[in-house]
Every structure is written in C-alpha cells, then in structure tokens.
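Asks: using only what follows, build the 3D model:
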Amino acid sequence: MNRQWKKFDELAEQCYTDMIRNTADMTNWNNGFQLLTEIISDGRAENPDFAKELYLLDDETDYEHDLQGWLEDYLGELEIREMHAELEAVCRKLLKMFAWEEEYPTDIRFQMASALESQGKTEEALDLCIEWTSKEPDNPYAAAALIYAKMNADDLEGAEKIVKQHISDDTACDEENYVIFAAAERLYQKTGNNVMEKKMDRAREEYDKKMEAYLMGQDDEYGFGDDEEFMDDELPFN
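Replies: Below you'll find the model as predicted:
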C-alpha cells in the first residue's frame, strides 16, 4: 500500500499543478480518484473497518495526504468545468463508499443535486432533495437544495412554501441560513417579486458587511462580540 500512496501523492501534486495552470484535462484528477478507491478497497480487504467514514481516511493515514481536501478540490474542479455527469458519478461513488453515520455528506449531496439539475434530471434531483430533507429537516443546505429543485420543476409555490418555513419577517441572515436566503433571492427573482428579492438581497448584504467587518477586526461595530463566539471554521459556504 505504501507504493500506492506514493503514486497517489505524485498524482495529487500533478493535479494541483494542473489547477494552477488551469489545465482543462482532468486525467490526473480522475486517475487519482480511481487510485484512491482502489487503496480503500485494498485496505478494507485486510480490515473491513478501514476508513468507514470519510474523515477517518486522513485519521488512519496520519494526515499525510490531506485526502478530504483533495476530494473537495476534485469535486470543485468537476463543478467549475461543468462536467456534470462526472460530478454526479463521483458523488454517488462517495455516498456509497462511506457509512456516513458520524457526519453528514452535506456538500456532496448539494453538489449531486446541482449536477442532476444541470443535466436536466429534474425529477431525480427533486426526489433526492425530498429524501434528503426528510432525513435532515434542520439542514439548511437540504432546504436550499429542495428550493432549487422545486424551482427547476416549476413548482414555484412549493419552493416558496419551503422558504417561508425557514425565513419569517424577522429572520436575520446568518452563517447557517445564508444558503437559504440565496435560494430565496433566486426564487423571487424568477417569480418577479421585486420587493422580496430586494429584501433577501439586503439581508445577505448586511450579513456580508458584518463578515467583512469581522475579518477586518471591526466586529464591535456590528455586535459580533468576542472572537471565541465566532470562529473561522464557522464561516459560511457561499
């Protein structure tokens, strides 16, 4: 397995060189993912409990390869290059490869829903999002994904119903619900509700200003309080 890891590290280095050079060819990334799945398969042949969860990949390899980071970058590259079918396939593979009992595959499901919608697989995306929200009703990314899926299915009333379940007149935009505000803004833009579209936009702008102030060390002006109450790892995923 050491030989396999050495090969993977070589491929990973080539991948990031490709990223820096904006190389369109995804061969190195695809080969790296294929090799990683083989390494996991071989590891489980010796120990069925090897890397049952995604985060354990790094834990059980002494954090020598930054595997979670590499996988996130791989998915990101597929998304940026609009390789929607390939992105869907990789997301499905990852969802099957790990148990997902100790952490939720939020980003993977969100990207998979987007990939399905981008391929015109509207009903499949909608079914995925409905199932996801039933399992994780409090997950804002699941709610946002369902809003987008209903919009693409031309169920605008259904999409607005989801928005109203999460955003009331006095709901402030924050790090957790930012993604729902973004989806709501897109919905009201599509329905032509300029008043609500601007309201969602203003709420997001206010949050963005707070974030900018926080990052510039001006958090007291916006009432963030002590740094301990708002850590870097809580920043929103836009």
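Asks: which helix of the chain spans the most residues?
Replies: helix 194-215 (DSSP state H).
Asks: buried sites along it?
Replies: Within helix 194-215, the residues that count as buried by 16 or more other C-beta atoms under 10 Å are 196, 197, 199, 200, 201, 203, 204, 207, 210, 211, 213, 214. For every residue, glycine as well, the C-beta is placed using N, CA and C.
Asks: again with stretch 172-182
Replies: Applying 16+ other C-beta under 10 Å to stretch 172-182 flags 173, 177, 178, 179, 180, 181, 182 as buried.
Asks: again, but for stretch 139-154
Replies: Within stretch 139-154, the residues that count as buried by 16+ other C-beta under 10 Å are 139-153.
Asks: ok, these vs residue 32, which is closest?
Replies: residue 141 (26.2 Å; C-beta to C-beta).
Asks: show me what the helix or strand hosting the closest one is packed up against.
Replies: Using DSSP states H and E, residue 141 maps to helix 140-152. Contacts defined by 3 or more C-beta pairs under 8 Å, 6 or more residues apart in numbering; DSSP states H and E place helix 140-152 against helix 106-118, helix 122-135, helix 156-166, helix 178-191.
Asks: just give me how far that helix sits from the chain centre.
Replies: A distance of 13 Å separates the C-alpha centroid of helix 140-152 from that of its chain, computed with C-alpha atoms, centre = their mean, to the nearest Å.
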